[in-house]
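Asks: sequence and predicted structure are below.
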Amino acid sequence: MTTSITRVFLGWDRPLLETAVSWFQERYGSASELDLSRVSIVVTGRRVGRRLLEILVLTSESSGRRLVPPRIETLGALPETLYP
């Protein structure tokens, strides 16, 4: 299995989480769903992860899309996910 890591600069003109959710919608969204099942997101802490998920849910509900959530990990938990 090959995985690729992509780093994207989202800018400073809007709040980061809102900008990230917009980017995910453009990149992974369709008219009926937002499928992030193959996406892993690393955040600085659990609170940020919960807020990100909350914004994803609210945005998906307001646009009428079905959300398939991503894997959200903290920096501290990241090494365990990389072990075979």
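Replies: Perfect, thanks for sending it.

Asks: and the lengthiest helix in the chain, what's its mean pLDDT?
Replies: Taking DSSP state H as the criterion, the chain has its longest helix at helix 46-63. The average pLDDT within helix 46-63 is 95.

Asks: equivalent analysis for stretch 74-84, please.
Replies: pLDDT averaged over stretch 74-84 gives 78.

Asks: same thing with stretch 5-19?
Replies: Mean predicted confidence for stretch 5-19 is 88.

Asks: related to what we said a few turns ago, which helices and strands does the longest helix of the chain pack with?
Replies: If contacts are counted by 3 or more CB pairs under 8 Å, 6 or more residues apart in numbering; DSSP states H and E, helix 46-63 sits against helix 16-28, strand 40-43, strand 66-68, strand 71-74. Backbone N, C-alpha and C define where each C-beta goes, glycine included.

Asks: next, the angle from that helix to helix 16-28.
Replies: 50 degrees (axes from the mean of the first three to the mean of the last three CA atoms, to 10 degrees).

Asks: count the residues that sit near residue 65.
Replies: 18 (other CB atoms under 10 Å).

Asks: show me the contacts for it.
Replies: Contact partners of residue 65, counting by CB atoms under 8 Å, 6 or more residues apart in numbering, are 29, 30, 31, 32, 33, 34.

Asks: over to it: give its phi and psi.
Replies: Per-residue torsions, residue 65: phi -100, psi 150 (degrees, to the nearest 10).

Asks: measure it to residue 31 for me?
Replies: 8 Å (CB to CB, to the nearest Å).

Asks: before we move on, what about residue 74?
Replies: 32 Å.

Asks: ok, now residue 69?
Replies: From residue 69 to residue 31 the distance is 19 Å (CB to CB).

Asks: between those two, who's got more neighbours?
Replies: The neighbour count for residue 69 versus residue 31, taken as other CB under 10 Å, is higher for residue 69 (16 against 7).

Asks: right, and that one touches residue 56 too?
Replies: Yes. Proximity of residue 69 to residue 56 meets the contact threshold set by CB atoms under 8 Å, at 6.6 Å.
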